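> Sequence plus predicted model, see below.
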Amino acid sequence: MPASVGKKFAKKDNNEKRALRTDVNNIKAEIETLKKEKAEAEATRDESRSHRERSEQREVQTCATLALRNKEIEELTSLLSDQEQIKAELESTKKDLQVERVKKAEVARCLAKPEEKLENSETTLVTAESLVELLKNDMLWMRHHGIINVANSILKSINLDQTVANLMVIAQ
């Protein structure tokens, strides 16, 4: 084989080897790029997992907070209902109190009339008792003095003599 053919083959072989080395270097560079991309993808995956876990934790906390808020809302609703019931009872009690005040005023007005009558009757009783006392005194005076004076007055009367004489004449 001639030397030029051997150089040709060697040159061709060198070109192929260079091309293969270039391909190997390109593949190595691609492998390094892919490793970096893989590392970045894994880091992104890990970050996404971490973010998802934090999101899940926040979601659990949010659910717990919502459950507490719902319980607080139920308690507040119950308190509001109780407050409305108490308010209604208070209004009813106010109305009952007003009715009782009206009744009390009516009773006081009704009691005022008998009390006034009682005062008037007490005044009348005192007046009557004082008049009775005067009449008793007058009666005692009449018993002791008045009847004797009346009898004497009648006996000393001139008209009596004439009347008795007339009655005797009529009687005969």
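Cool, got the structure. Note that the coordinates shown come from a computational prediction; the quantities given were computed from them, not determined experimentally. Residues are numbered from 1 along each chain as shown.
> all contacts plus neighbour counts: C-alpha atoms, from now on.
OK.
> could I have the lowest-mean-pLDDT helix or strand in the chain exported to CSV, CA atoms only?
Here the helix or strand of the chain ranked lowest by mean pLDDT, DSSP states H and E is helix 147-155, holding a mean of 73. Extracted in CSV, the C-alpha atoms of helix 147-155 (Å, rounded to 0.1, in the frame of the first residue of the first chain):
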residue,chain,number,x,y,z
ILE,A,147,-139.2,70.0,132.9
ILE,A,148,-139.8,71.8,136.1
ASN,A,149,-139.7,75.2,134.3
VAL,A,150,-142.0,73.9,131.6
ALA,A,151,-144.4,72.4,134.1
ASN,A,152,-144.4,75.6,136.2
SER,A,153,-144.9,77.6,133.0
ILE,A,154,-147.9,75.5,132.0
LEU,A,155,-149.4,75.5,135.4
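> Name the next helix or strand downstream of it, please.
Moving toward the C-terminus from helix 147-155, the next helix or strand (DSSP states H and E) is helix 158-171.
> shaky segments in the chain?
Within the chain, the stretches with pLDDT under 70 are 1-3, 5, 146.
> cutoff 90 now
Scanning the chain for pLDDT under 90 picks out the ranges 1-20, 104-172.
> How about residues contacting the least confident helix or strand of the chain?
residue 160 (CA atoms under 8 Å, 6 or more residues apart in numbering).
> With that, I have no additional questions.
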